[in-house]
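>>> I need the structure of the sequence given here:
(one chain, ligands or ions: 1)
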Amino acid sequence: MIGIHCHNKPMTDYEPIPPPKNFHDQAEHSWTLPAYWYTDSKVFEKEKKQIFYKNWWYVGTVRQLSKPGQIFTTTVVDQEVFVIRGEDNVLRAFYQENFRGTRGVKDIEDFNPSNFGLESVRVETLIGLVFVNLDANADALTDISESMVKDMRAYCPRLDDLVLSKSYELQTAANWKTLVDNNLESYHSAVAHPSLMGLLDYSTFEVWEGRFTTCHAMTNSNLDNSAYKVDSKDSVKRAIYSWLWPNTAFFIAPGPKNLGVFQMVPTGPESSLQRWEFYFENEQPTESEQAYLDWTINTLIPEDTALYENVQHGLRSQGYSQGRFVINRNRPEWSEHHVHQFQTLVRDAIMADC
Ligand SMILES: [Fe+2]
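As a prediction, this is how the structure comes out:
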């Protein structure tokens, strides 16, 4: 983004959040969200209620809840929720609030949520992954993600059969939107990711989107590259990176069948937890899968993390408030129109309650 200073000031606790100045529905004419939306605690509080309590939140894998009675807990920013498979084999989710100060739901024999007056939470599954939504009126996850999932399955056959092989978490000193913004544009790759540029052929770059999803795809350019080696017999020839509003991304990389899930968990106005999970055909990674994991965790993620934290540092600068989007729909590898799509959803969600 091209940054220029203008006058968007953080507000006091007593003022409503004003609409972002010069933010337009058309990316070509729009300025970015103002910098204080990435640092301000009042905006963060509003995002919790207007975004994270109303949209689909990634929990974990269905296999971790394969047997009746199995439980998985998650925290939707600050709301504790558990998902349980009932004796009738149906997945249900509930707020955990009622269990504070007790031994915890895991220790209760013959658990029956109706005996505890628990408030239920919506739960859905997608490609073997479990999501919850605190909003009873939200659109169904399968509806908003249908087209994205169809494309992911086309790029990685038998996607639903993959199993969790590796989990990785990293605290990051940046607002969650800084992470999403970065993941929705690719022009930073030429500077930030030299080895990724050897793995993928950016001249084959294609992007497309749904209302709440985006997809970026490109072909493997070189089997013998400095990121990790790809075999010509591997099933995935073309990478697809997808994003689901608000904070979950899916990575299918060139190589054997694989899925990476990247949840950008907000932990404060200027802090996030990167939660990564890697799914392969077997729990124990093969040598080539391990090489992919090593490169992703030791090279790719640190390269992006340095960017997130640098950008966040810049957002705190007195001299920066808003920038313009770089839009080039004919050369999507240089375009930020998906960043604008994301920021429009953020603006609309925040303004819906102002
Ligand atoms: Fe990156």
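>>> ranges for the helices of the stretch 201-350 of the chain?
287-295, 301-315, 337-351 (DSSP state H, counting those that start in this stretch).
>>> Would you mind finding the most buried of those?
helix 337-351 (a mean of 20; mean count of other Cβ atoms under 10 Å). Heads up, the C-betas are built off the backbone N, CA and C, glycines and all.
>>> closest one to residue 53 among the helices of the stretch 201-350 of the chain?
helix 337-351 (10.5 Å; Cβ to Cβ).
>>> Check which helices and strands that closest one is in contact with.
Applying 3 or more Cβ pairs under 8 Å, 6 or more residues apart in numbering; DSSP states H and E, one finds that helix 337-351 makes contact with helix 41-47, helix 176-183, strand 200-209, strand 213-220.
>>> Name the residues of the first one that are buried.
Yep, that's helix 41-47 we're talking about. Within helix 41-47, the residues that count as buried by 16 or more other Cβ atoms under 10 Å are 42, 43, 44, 46, 47.
>>> Verify the stated contact: residue 303 with residue 191.
No. Assessed by Cβ atoms under 8 Å, residue 303 is found out of contact with residue 191, at 9.6 Å.
>>> Common neighbours of those two, please.
Here residue 303 and residue 191 have no joint contacts, going by Cβ atoms under 8 Å, 6 or more residues apart in numbering.
>>> Low-confidence ranges, the chain, go.
Within the chain, the ranges that satisfy pLDDT under 70 run 1-14, 98-117, 354.
>>> Show me the residue at the heart of it, geometrically.
residue 248 (2.1 Å; Cα atoms, centre = their mean).
>>> could you list every residue that touches it?
56, 58, 261, 262, 263, 264.
>>> how deep is the residue nearest to the fourth one when sequence neighbours are not counted tucked in, by neighbour count?
Leaving aside its chain neighbours, residue 262 sits nearest to residue 249 (4.3 Å; criterion: Cβ to Cβ, 6 or more residues apart in numbering). Summarising burial for residue 249: neighbours were counted as other Cβ atoms under 10 Å, giving 21.
>>> Over to the one 10 residues further on?
The tally of other residues near residue 259 (other Cβ under 10 Å) stands at 22.
>>> Tell me who's in contact with it.
Contact partners of residue 259, counting by Cβ under 8 Å, 6+ apart, are 127, 152, 156, 159, 162, 250, 251, 252, 278, 279.
>>> Between which two of those residues is the distance greatest?
The widest separation within these (Cβ to Cβ) is 15.0 Å, between 152 and 278.
>>> Quickly find the element holding residue 74.
Residue 74 is part of strand 71-76, with elements assigned from DSSP states H and E.
>>> What lies in contact with that strand?
Contacts for strand 71-76 (Cβ under 8 Å, 6+ apart): 52-53, 57, 59-60, 64-65, 80-84, 96, 105-106, 130, 132, 134.
>>> Give me the buried subset of the residues you listed.
52-53, 57, 59-60, 65, 81-84, 96, 105, 130, 132, 134.
>>> which one of those sits closest to residue 205?
For these, the nearest to residue 205 is residue 57 (29.6 Å; Cβ to Cβ).
>>> and the closest one, what does it touch?
Residue 57 neighbours (Cβ under 8 Å, 6+ apart): 74, 76, 131, 132, 133, 134, 247.
>>> And it, how far from residue 225?
Going from residue 57 to residue 225 by Cβ to Cβ, to the nearest Å gives 35 Å.
>>> Residue 51 now?
Shown here: residue 51 relative to residue 225, a distance of 38 Å by Cβ to Cβ.
>>> Likewise for residue 52?
Applying Cβ to Cβ to residue 52 and residue 225 gives a distance of 38 Å.
>>> in the sheet, who's paired with residue 92?
residue 84 (DSSP bridges).
>>> from memory it sits against residue 81, does it?
No. Residue 92 lies out of contact with residue 81 (Cβ under 8 Å); the separation is 10.8 Å.
>>> residue contacts, residue 335?
185, 187, 207, 326, 327, 328, 329.
>>> Setting aside sequence neighbours, what's the nearest residue to it?
residue 328 (4.6 Å).
>>> Near the one you found, how many residues? Count them for me, please.
With other Cβ under 10 Å as criterion, residue 328 counts 13.
>>> Please apply the same query to residue 317.
11.
>>> Who are the contact partners of the spatially closest residue to it that is not a sequence neighbour?
Among residues not flanking residue 317 along the chain, residue 35 sits closest, at 7.7 Å (Cβ to Cβ, 6+ apart). The contact partners of residue 35, by Cβ under 8 Å, 6+ apart, come to 8, 315, 316, 317, 320, 321, 322.
>>> Specify which member of those is nearest to residue 27.
residue 322 (13.9 Å).
>>> What about that closest one, how many residues nearby?
So residue 322, with other Cβ under 10 Å, has 22 neighbours.
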